[in-house]
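> build the 3D model from these lines:
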Amino acid sequence: MPSLALQNGVVFFYTDTGAVTTGDYTTVVIIHGHTFHSGTFQRLNPFAESNSLRIISVNRREYPGSSPYSSEDLTIFAEGTDAERLTLLEQQGHDLAMFVDGLIMLQSTSNTGGIALVGWSMGTTFLLPLIASVDTLPIATRERLSAQVHSVILLQSPSLALGLTSPPGLLIPHTDPDIAPESRGPAFAKWVSSYFLHGDLSTHNVNQLTYSNIDSQRVPTIETLRPEELFGMTDFAPGDKYDSIVGLSPFAGPVFKQTTKALFDPTVRKLWNGARFWNVYGNAEPWNIIYTAWFLEEQLRAANCPELVINFKVMDGSNHFLVWEDPERAINELKECFAV
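Have a look, this model is predicted:
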């Protein structure tokens, strides 16, 4: 499978459905989340060409085929100051931006169909620094990206992926004192892939969100996977090295600064030349996915700035793994966001 090496030596592995042979097409670049890497999206691939899509799923660093971090970087993830961690996040955004630019130059992406950038789940934590990096990129790179990227999609993004503080009383398995630390990984996998029965979501009241009211009639995705499927879409090692650190509250300050710059800085948004921003989520997902959308809607109302538009899309009945459970529907939901 292909990989792309940046000038600074960082290598990114990716999967690629290839150029669509007939007509214009949109290139969808997907950044994966915690533990579940590019293999998570391979069920989308058979639907790519018939929908005029080219799907490129990149493995973040430490995941199979991509560069590991240095020991110094891993120390900063684990023990660095907020300033050091912010600088490290900024570098990840810069590198991913250069990766996308490399795709434009090396893979001859469709100029007319353009590019949609998707951060799925915790992948949002790395998509947002990519967006925020635009004012630090080489001018030629910035011009290519702003000319081609027409959509930025925060797909099923948990609140801590944006550096948000959790409301009182709402937990995730990693913060649940009733779950032993050694059991939190498996508990999280079941929890995040379950179907939840929330209350009246139209109220935008956090009291209508549930941590534990799971629909017993629907099987969590993790329990439907055959061993070879699970092996082909996961790598548990990066979690302990950095993903679980970045995804918890001690890292929230640096992450939130990147969120603020990427989504709420009019200068940054202007440099993306009118790209449409979306937050897409399911109403049967864990509470922290839905809470993200509510927070963003509230921030946009407070900002009252036309340049900061974010569109919102609810996928009815969807859990966190729609891309695996119903890939054809997932394709259609995404296409509604970036149809040109």
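> going forward, measure contacts between C-alpha atoms and count neighbours the same way
Will do.
> let's test this: mean pLDDT of stretch 32-43, rounded?
For stretch 32-43, mean pLDDT rounds to 97.
> show me which residues of it are buried.
Using 16 or more other Cα atoms under 10 Å as the test for burial, stretch 32-43 gives His32, Gly33, His34, Thr35, Phe36, His37, Ser38, Gly39, Thr40, Phe41, Gln42.
> same deal with stretch 191-211?
Under 16+ other Cα under 10 Å, the buried positions of stretch 191-211 are 191-198, 204, 206, 209-211.
> now those in a markdown table, with secondary structure, pLDDT and distance to Ala262?
Output for those, formatted as a markdown table (DSSP: H, G, I helix; E, B strand; the rest coil; pLDDT from 0 to 100; distance: Cα to Cα, whole Å):
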| residue | secondary structure | pLDDT | distance to Ala262 |
| --- | --- | --- | --- |
| Trp191 | helix | 97 | 29 |
| Val192 | helix | 97 | 26 |
| Ser193 | coil | 97 | 28 |
| Ser194 | coil | 98 | 30 |
| Tyr195 | coil | 98 | 30 |
| Phe196 | strand | 98 | 30 |
| Leu197 | coil | 98 | 32 |
| His198 | coil | 98 | 30 |
| His204 | coil | 96 | 24 |
| Val206 | helix | 97 | 25 |
| Leu209 | coil | 98 | 27 |
| Thr210 | coil | 98 | 29 |
| Tyr211 | coil | 97 | 29 |
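> nearest to Arg144 among the buried residues of stretch 32-43?
Set against Arg144, the nearest of the buried residues of stretch 32-43 by Cα to Cα is His32 (23.3 Å).
> what's near enough to touch the closest one?
Ser38, Thr40, Ser57, Val58, Asn59, Arg60, Gly119, Trp120, Ser121, Met122, Gly123 (Cα atoms under 8 Å, 6 or more residues apart in numbering).
> pLDDT at Ile55, what is it?
97.
> kindly report the same for Val340.
Value for Val340, per-residue pLDDT: 51.
> check Arg61 too.
Turning to Arg61, the model gives it a pLDDT of 98.
> secondary structure element holding it?
Using DSSP states H and E, Arg61 sits within no helix or strand.
> surely it is in contact with Asp73?
No - counting by Cα atoms under 8 Å, Arg61 does not reach Asp73; the two are 11.4 Å apart.
> please name the nearest non-neighbouring residue to Asn45.
Leaving aside its chain neighbours, Asn45 sits nearest to Thr17 (6.3 Å; criterion: Cα to Cα, 6 or more residues apart in numbering).
> actually Ala189, not the one I typed
Closest to Ala189 by Cα to Cα, 6+ apart is Ile222, at 6.6 Å.
> all strands of the protein, in order?
Secondary structure of the chain, counting by DSSP state E: strands at 3-5, 11-16, 26-31, 53-58, 115-120, 149-155, 276-282, 311-315.
> TSV for these, including mean neighbour count and distance to Asp243?
Below are those laid out as TSV (neighbours: other Cα atoms under 10 Å; distance: least, Cα to Cα, whole Å):
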stretch	mean neighbour count	distance to Asp243
strand 3-5	16	22
strand 11-16	21	17
strand 26-31	26	13
strand 53-58	25	16
strand 115-120	25	14
strand 149-155	24	18
strand 276-282	22	21
strand 311-315	16	26
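> including distance to Leu89, could the ones you listed go into a markdown table?
Formatted as a markdown table, the strands of the chain follow (distance: least, Cα to Cα, whole Å):
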| stretch | distance to Leu89 |
| --- | --- |
| strand 3-5 | 19 |
| strand 11-16 | 16 |
| strand 26-31 | 15 |
| strand 53-58 | 17 |
| strand 115-120 | 15 |
| strand 149-155 | 17 |
| strand 276-282 | 21 |
| strand 311-315 | 25 |
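> just the buried residues of the longest helix seen in the chain, please?
Scanning the chain for the helix with the most residues, using DSSP state H, yields helix 82-107. Buried residues in helix 82-107, counted by 16+ other Cα under 10 Å: 82, 85-86, 88-104.
> on that earlier part again, Ser166: which of the buried residues of stretch 191-211 is nearest?
Val206 (10.2 Å).
> surely that closest one touches Pro167?
Yes - with contact defined as Cα under 8 Å, Val206 reaches Pro167; the gap is 7.5 Å.
> hang on, the earlier thing: the residue nearest to Asn45: neighbour count?
The number of residues packed around Thr17, counting by other Cα atoms under 10 Å, is 18.
> contact partners for it?
Asn45, Ala48, Glu49, Arg54, Ile55, Ile56.
> which pair of the residues you listed spans the longest distance?
It's Glu49 and Ile56 that sit farthest apart of those, by Cα to Cα, at 12.4 Å.
> okay, now the unreliable bits of the stretch 201-340 of the chain?
Along the stretch 201-340 of the chain, segments meeting pLDDT under 70 span 339-340.
> helices along that one, start to end?
Secondary structure of the stretch 201-340 of the chain, counting by DSSP state H, counting those that start in this stretch: helices at 227-233, 237-238, 244-246, 252-264, 266-271, 287-303, 322-325, 327-338.
> OK, contacts around Ala116?
So Ala116 contacts Thr26, Thr27, Val28, Val29, Val149, His150, Ser151, Val152, Ile153, Phe338 (Cα under 8 Å, 6+ apart).
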